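Student: Predicted model and sequence follow; I will ask about them next.
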Amino acid sequence: MPMSFQIFTYRYLLMLSIFMLLHVLTACGGGGDSHLGNGGGGSGVVGLSQHGSTNSHNDSRRGTDCMDCHTSGPGTGVFVTAGTAIGAIDVEYYADSARTDLRASLEVDAYGNFYTVNAIDILTPDMNGFSQGADVTVVMPGEVTRDMSGIVSHTTAGCNDCHNSIAGPRSPL
Ligand code: HEC
Ligand code: HEC
């Protein structure tokens, strides 16, 4: 068995076990699904951003690539996708560019961050290491939407990796 495949399998199993553990602990979760009617104030569910929750960072880590620390540590949890979009309400992941096939919607928390440890099918790599990828939309107040024309895959789901301090289309979300 090739080395890279072993590592992949290990990480996948690790992700899976954390996901299942969280499921047991919270009896909630769901594949990055919002509209659960909860959230709003306080710490919220571990590993899943919610409106009003304050589990994430309010310091200089905000706006930097969450995946630097939340794939193999030292950050808590293995994030499937994460980023910072201060002022936004939700971040949506669609299976089509027309945005009719919604697969996941993440709530932006009290610090402007969004993240999930729960699997999203179109961001889950297959045996060859490919994922279908997602067409992403940032939802602003007043139902104003901002679409990214390019597709995000499991390797580019750490949004702040590109959307950081650089000006232009890759500016902070
Ligand atoms: C430089 C490393 C680093 C970066 C970058 C980082 N984190 Fe963390 N994160 C940590 C560490 C370490 C912890 C453990 C608690 C602490 O130190 O605050 C943590 C804990 C968390 C937690 C609490 C655990 C949970 O799942 O509820 C959340 C949420 C979180 N980080 C979200 C984020 C988000 C979102 C980003 C990107 C905007 C991010 N982190 C970027 C290191 C990092
Ligand atoms: C590999 C770099 C890269 C990553 C990672 C990335 N983006 Fe983008 N994004 C771009 C570029 C380049 C553009 C401008 C061209 C376009 O729309 O495809 C853009 C544009 C956007 C826009 C439209 C412009 C705006 O600011 O309103 C949104 C919204 C957006 N991205 C959201 C996201 C989200 C959410 C993620 C993470 C799930 C993400 N991006 C990850 C490179 C990236």
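Tutor: Yes, it's here. Numbers count the residues shown, from 1 in each chain. Ligands and ions are numbered 1, 2, ... in the order given.
Student: Report the separation between R146 and ligand 2.
Tutor: 3 Å (C-beta to the nearest ligand atom, to the nearest Å). Heads up, the C-betas are built off the backbone N, CA and C, glycines and all.
Student: neighbours of H70, just the number please.
Tutor: Neighbourhood size, H70 [other C-beta atoms under 10 Å]: 20.
Student: Secondary structure element holding it?
Tutor: Using DSSP states H and E, H70 sits within no helix or strand.
Student: how about the strands in this protein?
Tutor: Secondary structure of the chain by DSSP state E: the strands cover 81-84, 90-94, 102-107, 113-116, 135-139, 145-147.
Student: Would you reformat those strands as TSV and include distance to N160 and mean neighbour count?
Tutor: As requested, these are exported to TSV (distance: least, C-beta to C-beta, whole Å; neighbours: other C-beta atoms under 10 Å):
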stretch	distance to N160	mean neighbour count
strand 81-84	5	28
strand 90-94	12	23
strand 102-107	14	22
strand 113-116	9	28
strand 135-139	13	21
strand 145-147	15	13
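Student: Any buried residues in stretch 152-163, and which?
Tutor: V152, H154, T156, A157, G158, C159, N160, D161, C162, H163 (16 or more other C-beta atoms under 10 Å).
Student: show me the residues around the second one that make contact.
Tutor: Residues in contact with H154, defined by C-beta atoms under 8 Å, 6 or more residues apart in numbering, are V80, L123, T124, P125, S131, G133.
Student: Check what pLDDT T54 gets.
Tutor: For T54, the pLDDT comes out at 96.
Student: same question, Y10
Tutor: Y10 is given a pLDDT of 46.
Student: if we can go back for a sec, need the strands of the chain in TSV (columns: mean pLDDT and distance to ligand 1).
Tutor: Formatted as TSV, those follow (pLDDT from 0 to 100; distance: least, C-beta to the nearest ligand atom, whole Å):
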stretch	mean pLDDT	distance to ligand 1
strand 81-84	98	5
strand 90-94	98	11
strand 102-107	98	10
strand 113-116	98	4
strand 135-139	98	14
strand 145-147	97	18
